[in-house]
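J.: structural data only, the sequence is not supplied:
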């Protein structure tokens, strides 16, 4: 079976737990005899190999690449979020890669940076998919829950 794992960052650009989970998941899927492809955002589009993985690094049009927000003003980050919400470019980038790779299954992880239409790429091609939620990015666009404010978080109200 061919599986595509989608996350906004991947080694060596990843710096959080989700990126380690992606790598562990990919290793386990490969051990079980599956072919695995990873797709992440990047400053420029390219594909390469890391271990036994084909890795697509996709540049998605926005003010700056995902993961660089700390270098920009609050106003720029706000504009970035607005573009990200309605960014159809990320949809077309993912759809193109999925069409090329023809996976049996897609696993979405953190999709911030690909835009809100990222899930529609697999849906448009009738590819079954699953979403793992690692962080609070879908509920809190900043991706942050402030220490001491955890009980006020929207997820606890769902």
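T.: Received it, and whenever you're ready, just let me know what you need. Please read all numbers here as calculations on a predicted model, not as lab measurements.

J.: list the residues that contact residue 3.
T.: Each residue near residue 3 by Cβ atoms under 8 Å, 6 or more residues apart in numbering is listed here: 29, 34-37, 103-107. Where C-beta positions appear, they are placed from N, C-alpha and C, glycine not excepted.

J.: if we use 6 Å, what do you get?
T.: Going by Cβ atoms under 6 Å, 6 or more residues apart in numbering, residue 3 touches 29, 34, 36, 103, 105.

J.: likewise for residue 40?
T.: Residue 40 makes contacts with 7, 9-10, 57, as judged by Cβ under 6 Å, 6+ apart.

J.: would you map the helices across this protein?
T.: Here the chain has its helices, by DSSP state H, at 17-31, 74-85, 88-101, 118-124.

J.: so for the longest one, what gets flagged as buried?
T.: With burial defined by 16 or more other Cβ atoms under 10 Å, the residues of helix 17-31 counted as buried are 18-19, 21-23, 25-26, 29.

J.: what residues does stretch 11-31 touch?
T.: By Cβ under 6 Å, 6+ apart, the residues outside stretch 11-31 that reach it are 3, 5, 7, 9-10, 36, 52-53, 109-110, 134.
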